[in-house]
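Q: no sequence on this one, just coordinates:
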């Protein structure tokens with residue numbers, strides 16, 4: 001299907017054959033969903049509705065839907081109401097907004113769950129996305145208002161335009177297209193689960209699964225929260241790294257002491273902490289801990305120049321680690337120090353700092369158990385020479401890695417749909433980030449196919465100022481999802 005899309009105009013070019021066919025959308029159900037004619041009809045549907053689709057996305061972006069403590073929860077609730085209103089147009093048998101509460105009285109972010117029951121022995125597909133977003137950070141670093149979706153040069157800027165309100169819009173548009181093209185009696189079971197707290201680690205996700213296991217059960221789960229290789233090349237994410245985090249604390253005295261009177265024999269806590277942190281990597285930059293070996297190797301070549309450009313690395317920075325760049329990003333452990341508690345420079349005085357703490361975050365390659373990695377970290381820290389200082393490790397969160405068999409039927413179906421939508425072969429890629437709830441899904445539904453797709457590209461800047469979405473990617477992501485759902489409805 002190469003040639004159906006004009007990249008310069010950002011508009012699909014409908015072939016003359018489609019115009020001549022005079023196929024109405026209601027007649028599309030008689031076409032083979034694998035055929036070029038059906039693919040063209042899907043593209044035409046998306047083109048005709050695209051302005052409305054983008055308008056729906058812009059409406060969701062204006063809600064400052066932050067699940068983090070300290071932010072206005074009314075905005076998060078209003079965002080959930082808007083999502084529910086959006087999906088009320090798609091003919092669900094059941095549609096509800098749910099909030100879970102734990103024994104301590106804490107409440108989850110509001111989730112929207114809708115279900116249309118399968119008929120005629122058709123499969124059920126669960127569509128996942130989340131409506132909560134990251135804080136905007138430094139507002140002055142934004143080139144546009146982060147809460148107003150703004151189009152510039154074919155990209156839509158604003159917090160949540162890509163991560164992950166676009167995922168919601170992909171699901172919504174695909175369901176409307178499916179009804180228009182196959183009829184509302186297509187028989188495919190559809191469940192949507194739009195979460196409201198993914199950006200804070202999905203603390204209630206397991207509780208949602210435990211309490212609503214039957215409601216959320218499906219044959220295939222499509223998670224619209226991942227990334228593509230580029231704007232022009234789609235990807236199916238087939239592996240996710242797991243993660244652990246925690247705090248390393250060093251104490252050298254029970255209170256700060258005068259650096260002139262006591263300095264020399266006593267090293268400060270920051271210096272000893274720095275020595276410990278420096279030993280977490282080998283001289284080549286690999287993680288030095290034992291028991292977290294690489295178990296998977298990538299066949300994809302990741303260009304170093306692209307990595308440097310996308311990451312914003314300074315010109316002469318030496319890249320850490322050994323092995324291929326793709327493996328270092330997706331399949332090997334990666335350890336970073338993401339925060340330090342010590343005396344701020346503005347408050348520093350001529351005193352020996354008596355205690356200091358650092359928070360580490362370690363990504364784990366597929367095949368590594370988080371609990372084993374945390375034990376390895378504890379043993380490694382315990383064995384270090386800390387010059388007699390008190391060193392404590394406080395474990396934090398753990399998230400399991402995840403692997404998809406790219407040769408399985410559902411994965412092949414999705415890759416073909418991505419290929420047909422973009423007009424170029426879809427790739428299988430890993431994701432260096434972690435999505436811990438995916439492992440929860442796999443554990444709760446071990447026989448369910450889980451497919452990770454998304455609308456992000458290397459220039460999206462999710463979680464950063466100037467987050468944006470390439471509108472051609474949004475278009476193709478919708479096309480791909482319509483195709484895969486139509487083919488599932490036909491029991492492909």
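A: Yep, that arrived. Computed from a prediction, not measured in an experiment: that's the story for all the values here.

Q: so what's residue 461 up against?
A: Remark: with contacts taken as CB atoms under 8 Å, 6 or more residues apart in numbering, residue 461 is in contact with 467, 468. For glycine as for every other residue, the C-beta is placed from the backbone atoms N, C-alpha and C.

Q: That one falls within a helix, correct?
A: No. Residue 461 sits outside any helix when classified using DSSP: H, G, I helix; E, B strand; the rest coil, being coil.

Q: Show me where the stretch 1-150 of the chain has its helices.
A: 16-21, 36-61, 73-87 (DSSP state H, counting those that start in this stretch).

Q: Residue 175 is nearest to which of those?
A: helix 73-87 (7.9 Å; CB to CB).

Q: can you pull the buried residues of that closest one?
A: Applying a neighbour-count criterion of 16 or more other CB atoms under 10 Å, one finds 75, 76, 77, 78, 79, 80, 82, 83, 84, 86, 87 buried in helix 73-87.

Q: With pLDDT and distance to residue 410 added, can I get these in JSON lines?
A: Formatted as JSON lines, those follow (pLDDT from 0 to 100; distance: CB to CB, whole Å):
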{"residue": "75", "pLDDT": "97", "distance to residue 410": "36"}
{"residue": "76", "pLDDT": "98", "distance to residue 410": "32"}
{"residue": "77", "pLDDT": "98", "distance to residue 410": "35"}
{"residue": "78", "pLDDT": "98", "distance to residue 410": "35"}
{"residue": "79", "pLDDT": "98", "distance to residue 410": "30"}
{"residue": "80", "pLDDT": "98", "distance to residue 410": "29"}
{"residue": "82", "pLDDT": "98", "distance to residue 410": "31"}
{"residue": "83", "pLDDT": "98", "distance to residue 410": "26"}
{"residue": "84", "pLDDT": "98", "distance to residue 410": "28"}
{"residue": "86", "pLDDT": "97", "distance to residue 410": "26"}
{"residue": "87", "pLDDT": "98", "distance to residue 410": "23"}
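
Q: Tell me the one among those residues nearest to residue 472.
A: Distance to residue 472 across these (CB to CB) is lowest for residue 86, with 22.5 Å.

Q: And what about residue 249, helix, strand or coil?
A: strand.

Q: Residue 173 is in contact with residue 46, isn't it?
A: Yes. If you go by CB atoms under 8 Å, residue 173 and residue 46 touch, sitting 7.3 Å apart.

Q: quick one on the thing from earlier: could you point out which of the buried residues of helix 73-87 is nearest to residue 378?
A: residue 76 (36.3 Å).

Q: residues in contact with that closest one?
A: Here residue 76 is in contact with 63, 65, 66, 67, 109, 110, 132, 196 (criterion: CB under 8 Å, 6+ apart).

Q: Buried only: go through those for me.
A: For the contacts of residue 76, buried by 16+ other CB under 10 Å: 63, 65, 66, 67, 109, 110, 132, 196.

Q: And the pLDDT for residue 170?
A: What the model reports as pLDDT for residue 170 is 98.

Q: low-confidence ranges in the stretch 351-492 of the chain?
A: 492 (pLDDT under 70).

Q: could you pull out the strands for it?
A: 351-352, 355-364, 390-399, 402-403, 427-431, 449-453, 468-470 (DSSP state E, counting those that start in this stretch).

Q: just the stretch 151-300 of the chain next, same as before
A: Assigned strands in the stretch 151-300 of the chain, in chain order: 155-157, 189-195, 220-224, 235-240, 242-251, 257-258 (criterion: DSSP E, counting those that start in this stretch).

Q: For the longest one, buried residues please.
A: For strand 242-251, a neighbour-count test (16+ other CB under 10 Å) marks 242, 243, 244, 245, 246, 248, 249, 250, 251 as buried.

Q: So residue 32 versus residue 129, what's the distance?
A: 29 Å (CB to CB, to the nearest Å).

Q: out of those two, which sits in the more crowded spot?
A: Counting neighbours by other CB atoms under 10 Å for residue 32 and for residue 129 shows that residue 129 has the greater number, 27 against 12.

Q: and that one, what does it touch?
A: With contact set as CB under 8 Å, 6+ apart, residue 129 has these partners: 164, 165, 167, 168, 170, 171, 194, 195, 223, 224, 225.

Q: mind checking how far the residue lying closest to residue 94 once chain neighbours are set aside is from residue 188?
A: Closest residue to residue 94 apart from its sequence neighbours, by CB to CB, 6 or more residues apart in numbering: residue 115 at 4.7 Å. Applying CB to CB, the value for residue 115 to residue 188 is 12 Å.

Q: I'd guessed residue 431 sits against residue 243; true?
A: No. Using CB under 8 Å as the test, residue 431 is too far from residue 243 to be in contact (11.7 Å).

Q: Throw the buried ones among the contacts of residue 76 into JSON lines and include pLDDT and distance to residue 231, thanks.
A: Listed next are the buried ones among the contacts of residue 76 as JSON lines, based on pLDDT from 0 to 100; distance: CB to CB, whole Å:
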{"residue": "63", "pLDDT": "98", "distance to residue 231": "27"}
{"residue": "65", "pLDDT": "98", "distance to residue 231": "26"}
{"residue": "66", "pLDDT": "98", "distance to residue 231": "28"}
{"residue": "67", "pLDDT": "96", "distance to residue 231": "29"}
{"residue": "109", "pLDDT": "96", "distance to residue 231": "31"}
{"residue": "110", "pLDDT": "97", "distance to residue 231": "33"}
{"residue": "132", "pLDDT": "98", "distance to residue 231": "26"}
{"residue": "196", "pLDDT": "97", "distance to residue 231": "29"}
